[in-house]
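> pasting the structure only:
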């Protein structure tokens, strides 16, 4: 590539809302302004709407196969628009240098405005405030407006400002291009982004008939439930979706005060036969109404391309620091974690929805439609979906990184068919029982294995009672019932330690509204798990100490088993076994606490964040899991499995519907050890189907 890049930015218009996804938006988009500059040369703006031809030099630069084009979100947005609006200038992704993706690769926000502020782009070249101009020229006018669209002819003064604003983006991008780190935006990672773009452009087929049938079935059921609510309450309640009015009605008419409207709270009351039937039916209606939303179905239909495929569902490095993929538009990463309808009934439910008869065979339409959202993603004619999921990859890489040898061997034994289930083993090792006893308990309707699963998920990163409670609720464990059964089996010395912990928790007001016994049992689980995992428990401190040393000694590398930690300028890097680095901006240690600048997971705002050994280890484990997946995605593509989605640790591919392609073969590819973790025990399992489903 030429040393001098061509920097470009487009301002576009489309009647189709951008919220429907870039690919749908692009089908109706046109380019209005094209800002551009070669290297450090002055910025120029081609007003496409003027009718003037594209400047010769810009055309030559775009058509030059050896020249790199720099743009912010150019890969996903601008290049996609050009594919429809000006296809002769749609670029091979290998020629694109995307400053937004480069930012995300290093844990920085993708928005150009926030990025300029964080990277301290000088004010005279930073992105100007063009929100009003974009609102004016890039979107249709409100429906009640006489004028359908603002143009250079209708608003000449504002248009001149718009042209000036467009040039600011180029100046800002040029600064970012020169000054952002590039460690994670080159080599294999850059090639992986190229693959990501091919996946996003490929998309996945949607069964739009099923999506519309689900919307119609929910609408019909909601109308029925609304009518029934009004009948039960003699018209005092219009529907159970009105939370405040429902709570007041229950208190006034039935003398029942509910602490909240969570599903677990309502389910307990619905099953309480001592309560009046009318009250229980109202709560059952509330459960149904809140069980599902048709928003995802509507998003699917709105975002469909003309060929009935939905595209642009993945954001490369969308999860800050760990670089896992995030969902976009349809948000495939946020699908329900489990089906509410038995898998054996799913096929019949889908047929019933398509036939319009679901209300005849399913009492709870809401549960059915909440479970069938995945089923709308289908294989193309003559193809099948081949899906595989890495088995407990975070548990495996956590043990591998911390060198918890007994657990690594346990994974190997399980994979070979000679060892017990790992969740059963977790409980067994903590309580001094046999894994066989745990599985027997499960057969008898017990939840020992489920508790073992929650222990594994909640406690591996330094979590305590709070973390255990969070995961226990996700997996439907009744904490009080669990505590009653577990308390007699906990060693006395552990109970004594937990009692001391309870007294401290009371002082600090960290009891999470649990009674003493339940809190102590949850705390005991934490203590038992840590005793069973000495290497992992001690590694949290080891990793944190390496980070502290690196922050205080710039330029000097510190080893934490398989990880290298180093501070370079304003950046702390934890270099992973793959060679990629987790990046933390502007690290500090203040009052003994490690902090850095990053995106807050909940507020999505950039600011100073706190971290500690357990949290650092969690970042590392998720990042390593992602790197294993990423390495083997390339192998899957080479072998003819066309990837259409990646959801957490699951790979969804589309392949010819022949015996040459199978879930077994894909699982072998997915569980293949990259050279940098040749001794990590890996396993994967999957299925083949015409419809996507919960594996």
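In hand now; what should we look at? All figures in this text were calculated on a predicted structure; none of them were measured in a lab. Numbering: from 1, shown residues only.
> which residues does the nearest residue to residue 693 once chain neighbours are set aside contact?
Spatially, and ignoring its direct neighbours in sequence, residue 693 is nearest to residue 374 (5.5 Å; Cβ to Cβ, 6 or more residues apart in numbering). Yep, even glycine has a C-beta here, placed from its N, CA and C like the rest. Each residue near residue 374 by Cβ atoms under 8 Å, 6 or more residues apart in numbering is listed here: 335, 691-694.
> of these, closest to residue 122?
Taking Cβ to Cβ as the measure, residue 335 is the one of the contacts of residue 374 closest to residue 122, at 43.7 Å.
> mind checking pLDDT for that closest one?
Per-residue pLDDT puts residue 335 at 80.
> what does the one 4 residues further on give?
In this model, residue 339 is scored at 70, pLDDT.
> again with residue 260
The model's pLDDT for residue 260 equals 69.
> repeat for residue 248
For residue 248, pLDDT reads 78.
> look at it and tell me its secondary structure.
Taking DSSP: H, G, I helix; E, B strand; the rest coil as the rule, one finds residue 248 in the helix state.
> separation between it and residue 284?
Shown here: residue 248 relative to residue 284, a distance of 19 Å by Cβ to Cβ, to the nearest Å.
> who has more neighbours, those two?
The residue with more neighbours, out of residue 248 and residue 284 and counting by other Cβ atoms under 10 Å, is residue 284; that gives 18 against 13.
> got the contact list for residue 99?
70-72, 115, 173, 176-177, 180.
> pLDDT-wise, what's the bottom of those?
Of all of the contacts of residue 99, residue 115 carries the lowest confidence score, 88.
> secondary structure element holding it?
When secondary structure is defined by DSSP states H and E, residue 115 falls within helix 112-118.
> and for residue 234, the neighbour number?
Using other Cβ under 10 Å as the criterion, residue 234 is surrounded by 8 other residues.
> would you say it is within a helix?
No. Residue 234: not assigned to a helix; according to three-state DSSP it is coil.
> the residue nearest to residue 558 when sequence neighbours are not counted and residue 620, how far apart?
Excluding the flanking residues, the one nearest residue 558 by Cβ to Cβ, 6+ apart is residue 546, at 4.2 Å. From residue 546 over to residue 620 the distance is 11 Å, taken as Cβ to Cβ.
> list residues touching both of these two?
Listed as contacting both residue 546 and residue 620 by Cβ under 8 Å, 6+ apart are residue 563.
> higher neighbour count, the two?
Using other Cβ under 10 Å as the criterion, residue 546 and residue 620 rank with residue 620 on top: 26 against 22.
> report the contact partners of the more buried one.
401, 543, 563, 574, 576, 582.
> one more time with 7 Å
Taking Cβ atoms under 7 Å, 6 or more residues apart in numbering, we find residue 620 in contact with 401, 563, 574, 576, 582.
> also residue 342?
Contacts were defined as Cβ under 7 Å, 6+ apart; by that measure residue 342 touches no other residue.
> repeat that for residue 118.
Neighbouring residues of residue 118 by Cβ under 7 Å, 6+ apart: 108-109, 606.
> poorly predicted segments of the protein, please.
Across the chain, residues meeting the criterion (pLDDT under 70) sit at 1-2, 124-129, 242, 260, 264, 291-293, 337-338, 340.
> so where do the helices sit in the stretch 501-650 of the chain?
With DSSP state H, counting those that start in this stretch, the ranges of helices along the stretch 501-650 of the chain come out as 516-532, 534-552, 613-638.
> to residue 103, which of these lies closest?
Nearest to residue 103 among those is helix 613-638 (17.1 Å), distances taken as Cβ to Cβ.
> what residues of that closest one count as buried?
Of the residues in helix 613-638, 613-633, 636-637 count as buried by neighbour count, 16 or more other Cβ atoms under 10 Å.
> repeat for stretch 538-556
If you call a residue buried by 16+ other Cβ under 10 Å, then stretch 538-556 has these buried ones: 539-540, 542-544, 546-548, 550-551.
> which one of the residues you listed is nearest residue 236?
So of the buried residues of stretch 538-556, ranked by how close each gets to residue 236 (Cβ to Cβ), first place is residue 540, at 54.8 Å.
> can you give me every residue that contacts that closest one?
Listed by Cβ under 7 Å, 6+ apart, the contact set of residue 540 reads 462, 613-614, 617.
> out of those, which comes closest to residue 434?
Distances from residue 434 to the contacts of residue 540, taken as Cβ to Cβ, are shortest for residue 462 (28.2 Å).
> what's the neighbour count on the closest one?
Counted with other Cβ under 10 Å, residues neighbouring residue 462 total 21.
> care to break this structure down by domain?
Residue ranges of the domains in the chain are recorded as 6-180, 202-378, 405-532, according to automatic domain parsing.
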